[in-house]
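Engineer: have a look; sequence and predicted model below, questions after that.
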Number of protein chains: 2
Amino acid sequence: MNTAAPIADFRRYPMISALTAVQTLADRVSVQWADGRTSPFHHPWLRDNCPCAKCVYSVTREQVLEIVDVPEDLLPRATRVDSDGCLHIDWQDGHVSRFDPGWLRAHAYDDASRAERRAAKPQSRLWDSQLQLPVFEYQALMDDSQALLQWLLALRDIGLSQVRGVPTEPGSLTSIAKRISFIRESNFGVLFNVQSRADADSNAYTAFNLPLHSDLPTRELQPGLQFLHCLVNEAQGGESIFVDGFAIAHALRQEDPEAFRALCEIPVEFRNKDRHSDYRFQAPIIALDASGQVAEIRMANFLRGPFDASVEQMPDLYRAYRRFMAMTREPRFRLIQRLEPGELWCFDNRRTLHARNAFDPTSGARHFQGCYVDRDELLSRILVLQR
Amino acid sequence: MNTAAPIADFRRYPMISALTAVQTLADRVSVQWADGRTSPFHHPWLRDNCPCAKCVYSVTREQVLEIVDVPEDLLPRATRVDSDGCLHIDWQDGHVSRFDPGWLRAHAYDDASRAERRAAKPQSRLWDSQLQLPVFEYQALMDDSQALLQWLLALRDIGLSQVRGVPTEPGSLTSIAKRISFIRESNFGVLFNVQSRADADSNAYTAFNLPLHSDLPTRELQPGLQFLHCLVNEAQGGESIFVDGFAIAHALRQEDPEAFRALCEIPVEFRNKDRHSDYRFQAPIIALDASGQVAEIRMANFLRGPFDASVEQMPDLYRAYRRFMAMTREPRFRLIQRLEPGELWCFDNRRTLHARNAFDPTSGARHFQGCYVDRDELLSRILVLQR
C-alpha cells in the first residue's frame, strides 16, 4: 500500500492501523480503523487540515488556507477509503482532500486517541540524595547524535547531568551548548563568568555561600537549561549542591498541604537590580500545569523582594516559605559534589535548584563559566533527533 | 529629617508620609502614618526585610540573611520612631533593624496600600483603525533618554509605534534595538531578513499575504517586542496591517462571550518546523491574567497545528476561531500603512497582531529586517529610566 498523500509536516507518521470504513454524518465523518477504533472528524476540521498543494505551501509545509474563507456549512459530497488506503473526500464545492492514514490516526481526537497521547507524554522522574548521577562524555556528545539524544532525554526527564572531558579553555562551553541550539543571552552576558569580584552585581559573583535557587526567577520565563563549566577550581570550599525541586514540592504536598497551597497561590516578587537594570517579576514559587502537576519552581532567597500579600495571608506565607527552605536543607534531598576542571553541570533550571558552599578566595583560584539554553530549544532538538 | 537607613534597592523611595507612632502587638508591629493610614507589619516580615549590612550585602544590595536561620518566634524587645523618622526595632536576640519610612510605605501591605499599588499599575490603552499612530524620530531616540522613555511607554501601553529617519544600511536596526537592551535570538537568527526566497523556511519569507498573527506563537514565551525595519520597498503591494488584539478580544467578550471563553480555555498547538527544528507549543489563543484581564494573544493561522480538542468542544472551537479571524478582518480594527525605506515598526508582539498584503516580487525589490526584544528588557529599561 502506497500512502502517497502529502502531509503538512516534516515528521513521519507511521501507519498504526489501516482505515477500513468511512461513514458521512450530518456534522462529521466517522472512520473505522482495522484495530476496532472509531474516530470522528468534524467537516470543518477535515477541510481545515487538507494537505493539498493549494491549502499548504509545499516548501514551508505551512498552511495558506484560512478556514474562514470556506463556507461554514461546507459538506462532503462523497467520502471513501481510496486504493492507497487514504481517506478521500470530494467536497461539495469541488475541492478534493486526501488524508494519509498514519497522519490521520496521529491527530484523531476521539477520547481513546487523546488519552493515548496524554499517556505517551514524557514524565519527570523524581530523585533525591541517592540519585545515580547521569554522566556523559564531551567527545561522544560532540560526535554522536544518539549519545546527544540520550543526554537531552536525561535533561528533560531527570533534570540534572554532568559532562566530563570538556576542554578548559575559556569559551569552550559554547561548543557543547550549541550542540543543542543557540544560547539565551541575559543582562549577565551570553557566557557569564562565575568568579569572586569586588564589584559584584550579583551574590553569585562573591565567595558567599548561595542557598538553593533557580537562576533568573526575576524573568517571566526562567532559563530552561543552565550550564556551569569548571575551568579552574583551586579554592577551598565551593562544593555544588543540587536538589530536585519537584521532589521537594511533591513531599511538601504530602507532608504539609496547606504550605504547598500557599506556595502555589501567593505570588512572590523576585528582583535583579543594579545600576543598569531593574528586573522584577511576580509569580508563585510553585507553578502547576493544567492537570495540577508540579511544573516549575521559582526560587532564589537573595533575589526575593519583600512579600506583598494580604495581612491575613502573610503568616501562612512565612510559615510555608520557612518550611520549603528548611526542606531544601534536608540531607534526604541533597546531592553534593565538587566540580573539577573539565567537568560541567547541565541541569533544568526550572526544576533542579542549585547552591554553592562558600569558598575561600585567598586559598586558590576558582573560575566557572555558565550559560543558558531555553526549554523550547531542548524540546525542538529532541524532536528533530527522534525523527 | 535625614532618613539615613539603607535600603536593599537601587530605586529611591521618596517620603510619602511621616511615621508618627508605633505599637507592638503579639504577632505584628502596627505603625501610624501622618496622613492617618495604619499599616501592620508582622514580626517575621520586619526581621526578613532588615536592610542592615549583616543582612544585605551592600555591593549587590541582595539579601544574605535567610529567614529560616532566625527563630520562628523572635519578637521585638523595643520599637520606636527614631530621631531620623525611621522605624527602629531592637530584637530580643540583640539584632537591630532600622527602616526608612519611604521604603516602608512603598512596601506596606495593609489593604489601602495594596489597593493603591494595584491602581497605579500601567493600563493598556485600547485602539482601533482610528489610532493616532505614535511616531518617533530615530536620532532623538538615540540621543535623548527622555524621548526614549516616551517611546518605551507607548510600546508598553499602546503596543504599536513607528520610528522614522532610521539609516537604511543592513544591520542598522541593531543600534536602536540595543537602546532598549540585547536582542532575543531565535532559530531565524538575531536579525532576520524578510525577503521572498525560493527556499523559504517560513511563509513570512514568501511573497504571499500573511494573515494577522503574532510571531513565534510556537514558543512558550512569545517575543515581547517585534521590530520590522524597511531597507528597500520597490515592490507593488506588501502593505503592513495592524490590529490591537486586546481590542478585538475585548469586543469578542462583549459580542460573543461563548466564543471568547472557548478561545481562553481550549489550548491550540502552534508549530515551527523545518529540516533543522521542530518547535511546538500549546496554549489558548487568549490568555487572561490573575485578575481576568486579557493579557496576551497567541495567533498565527499558518503555524497552527490541527485542533486537538474533545469531540464535544470541536464545533465550539471552530465557531470561535472563525469568529475571531473574521474580526481581525473587520475594517473597524485595522490600521493599514505601507512602510517606506528608513521607517520601522516596533510593536508588542503579544498584543498587536500584524499582517502583510501579498506583494509582487517581479515589480521591484523588497527587503525588511526584523528582530525581537523581550518584555522583561522593555520593563527593566523603563524602570531604570524612571529612577
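Structural biologist: Yep, it's here. Numbering: from 1, shown residues only, chains lettered A, B, ... in the order given.
Engineer: three-state assignment of residue A:147?
Structural biologist: Put simply, residue A:147 is helix when judged by DSSP: H, G, I helix; E, B strand; the rest coil.
Engineer: wait, it touches residue A:134, no?
Structural biologist: No - with contacts counted by Cβ atoms under 8 Å, residue A:147 stays clear of residue A:134, the gap being 11.9 Å. Yep, even glycine has a C-beta here, placed from its N, CA and C like the rest.
Engineer: more neighbours, the two?
Structural biologist: residue A:134 (19 against 15; other Cβ atoms under 10 Å in any protein chain shown).
Engineer: so who does the more buried one touch?
Structural biologist: A:151, A:154, A:158, A:160, A:161, A:162 (Cβ atoms under 8 Å, 6 or more residues apart in numbering or on different chains).
Engineer: looking at these, which are in helices?
Structural biologist: A:151, A:154 (DSSP state H).
Engineer: can I get the contacts of residue A:134 in JSON lines with neighbour count, pLDDT and distance to residue A:377?
Structural biologist: Shown next, in JSON lines, are the contacts of residue A:134 (neighbours: other Cβ atoms under 10 Å in any protein chain shown; pLDDT from 0 to 100; distance: Cβ to Cβ, whole Å):
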{"residue": "A:151", "neighbour count": "22", "pLDDT": "98", "distance to residue A:377": "14"}
{"residue": "A:154", "neighbour count": "19", "pLDDT": "98", "distance to residue A:377": "16"}
{"residue": "A:158", "neighbour count": "21", "pLDDT": "98", "distance to residue A:377": "18"}
{"residue": "A:160", "neighbour count": "21", "pLDDT": "98", "distance to residue A:377": "18"}
{"residue": "A:161", "neighbour count": "21", "pLDDT": "98", "distance to residue A:377": "16"}
{"residue": "A:162", "neighbour count": "17", "pLDDT": "98", "distance to residue A:377": "20"}
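Engineer: list the contacts of the residue lying closest to residue A:6 once chain neighbours are set aside.
Structural biologist: Leaving aside its sequence neighbours, residue A:6 sits nearest to residue A:51 (Cβ to Cβ, 6 or more residues apart in numbering or on different chains; 5.0 Å). Applying Cβ under 8 Å, 6+ apart to residue A:51 gives the contacts A:5, A:6, A:7, A:8, A:97, A:98, A:99, A:100, A:103.
Engineer: give me the element residue A:113 is part of.
Structural biologist: Assigned by DSSP states H and E, residue A:113 belongs to helix A:111-120.
Engineer: quick one: which of the contacts of residue A:51 sit in helices?
Structural biologist: Checking those against DSSP H, those in helices are residue A:103.
Engineer: make JSON lines out of the contacts of residue A:51 and add pLDDT and neighbour count.
Structural biologist: Formatted as JSON lines, the contacts of residue A:51 follow (pLDDT from 0 to 100; neighbours: other Cβ atoms under 10 Å in any protein chain shown):
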{"residue": "A:5", "pLDDT": "74", "neighbour count": "21"}
{"residue": "A:6", "pLDDT": "76", "neighbour count": "14"}
{"residue": "A:7", "pLDDT": "75", "neighbour count": "20"}
{"residue": "A:8", "pLDDT": "75", "neighbour count": "21"}
{"residue": "A:97", "pLDDT": "98", "neighbour count": "21"}
{"residue": "A:98", "pLDDT": "97", "neighbour count": "17"}
{"residue": "A:99", "pLDDT": "97", "neighbour count": "25"}
{"residue": "A:100", "pLDDT": "96", "neighbour count": "21"}
{"residue": "A:103", "pLDDT": "96", "neighbour count": "25"}
